[in-house]
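Engineer: Okay, structure incoming, though there's no sequence with it:
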């Protein structure tokens with residue numbers, strides 16, 4: 001059995017901040033038996049075919065969200081596998097519900113090193129019945145080992161692997177619990193080897209398929225900015241967070257809402273990001289005076305944004321949002 005390793009320092013700092021500011025954040029619940037029951041090796045999860053650690057199985061499909069999550073420059077690959085004969089419940093087009101047994105994987109490569117592959121599995125019939133763990137790759141690439149406690153600077157890179165419980169600091173923020181595989185994220189011409197919304201409709205995978213794609217409003221800068229906020233901020237900052245019968249898990253309690261919604265795409269001014277952030281988190285025409293720019297331009301524990309999963313400023317993301325705010329009119 002592999003030893004558990006200590007939590008990354010930024011998580012410990014965040015936990016300390018939570019204790020003095022419990023109205024904003026709290027620690028996630030400990031790893032439960034469900035997550036501990038996941039396979040110990042990535043080779044046992046069904047991602048790869050015939051024992052290969054490079055070729056996905058025939059029933060595993062790649063996907064790429066059109067608005068990616070910043071992960072300190074890591075390169076990522078993602079896959080999904082639905083149980084045979086099942087469909088995704090899309091009665092709520094913003095919050096898809098996945099059949100029991102669904103598995104999603106996300107692989108991280110940092111500085112040319114394949115570091116970890118995360119697994120998210122639907123373990124029961126209820127919306128909250130998900131379990132997760134990260135598999136850290138062995139140095140020879142022969143397999144990856146479940147590491148429920150996370151790992152700092154994995155494989156000699158600056159990449160910190162999250163603990164299994166901390167996965168739901170982000171994934172617990174939406175009723176779907178799945179991030180990146182959604183109606184809005186798949187509404188584009190995906191790469192040839194990746195699923196998009198049209199593929200899912202054509203295959204009969206959705207219980208209530210939409211009539212077409214969902215288009216984010218605005219010009220190129222506005223669309224990209226709204227998508228950036230959706231992917232990087234919306235899993236915490238939204239007003240449709242699910243109820244929890246356990247401790248709150250990095251749950252901000254404020255009026256901000258950065259998630260895109262399919263029924264609010266008629267115009268920029270209809271989007272939750274515009275309605276909740278204008279004149280509060282961003283000042284039209286004045287990026288230097290905008291709290292959003294101030295907080296994403298630094299990495300200070302307990303204050304900078306995003307709070308989780310990043311130690312390095314996304315310079316391109318900052319430049320994009322600065323341009324958006326600079327061109328923004330009241």
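Structural biologist: That came through fine. This structure is a prediction, so every number in the text was calculated from the model and none was measured. Numbers count the residues shown, from 1 in each chain.
Engineer: Now do stretch 269-281: everything it contacts.
Structural biologist: 217, 226, 229-230, 238-239, 255-261, 264-265, 268, 284, 290-292 (C-beta atoms under 8 Å, 6 or more residues apart in numbering). Placement of C-beta: from N, CA and C, glycine included.
Engineer: from those residues, which would you call buried?
Structural biologist: Among the contacts of stretch 269-281, the ones that count as buried by 16 or more other C-beta atoms under 10 Å are 217, 226, 229-230, 238, 256-261, 264-265, 268, 290, 292.
Engineer: Return the subset of these lying in strands.
Structural biologist: If you go by DSSP state E, these have nothing in strands.
Engineer: Nearest to residue 208 among the residues you listed?
Structural biologist: residue 261 (16.3 Å; C-beta to C-beta).
Engineer: wait, doesn't that closest one sit right on residue 94?
Structural biologist: Yes - contact criterion C-beta atoms under 8 Å: residue 261 and residue 94 qualify, at 5.3 Å.
Engineer: which stretches of the protein form strands?
Structural biologist: Going by DSSP E, the chain shows strands at 61-63, 75-81, 103-110, 113-122, 130-137, 144-146, 194-195.
Engineer: which one of these lies closest to residue 221?
Structural biologist: strand 75-81 (24.0 Å).
Engineer: How about residues contacting that closest one?
Structural biologist: 46-47, 56-57, 59-65, 68, 102-110, 180-181, 195.
Engineer: do that again at 10 Å, thanks
Structural biologist: Residues outside strand 75-81 that contact it (C-beta atoms under 10 Å, 6 or more residues apart in numbering): 45-48, 56-65, 68-69, 88, 98, 101-112, 114, 117-118, 120-121, 178, 180-181, 194-195.
Engineer: quick one, that strand and strand 113-122 angle?
Structural biologist: Orientation check (axes from the mean of the first three to the mean of the last three C-alpha atoms, to 10 degrees): strand 75-81 against strand 113-122 gives 30 degrees.
Engineer: quick check: angle from strand 75-81 to strand 103-110?
Structural biologist: Using the same axes, to 10 degrees: strand 75-81 against strand 103-110 is 170 degrees.
Engineer: Neighbouring strands - and their directions - for strand 75-81?
Structural biologist: strand 61-63 (antiparallel), strand 103-110 (antiparallel) (DSSP bridges).
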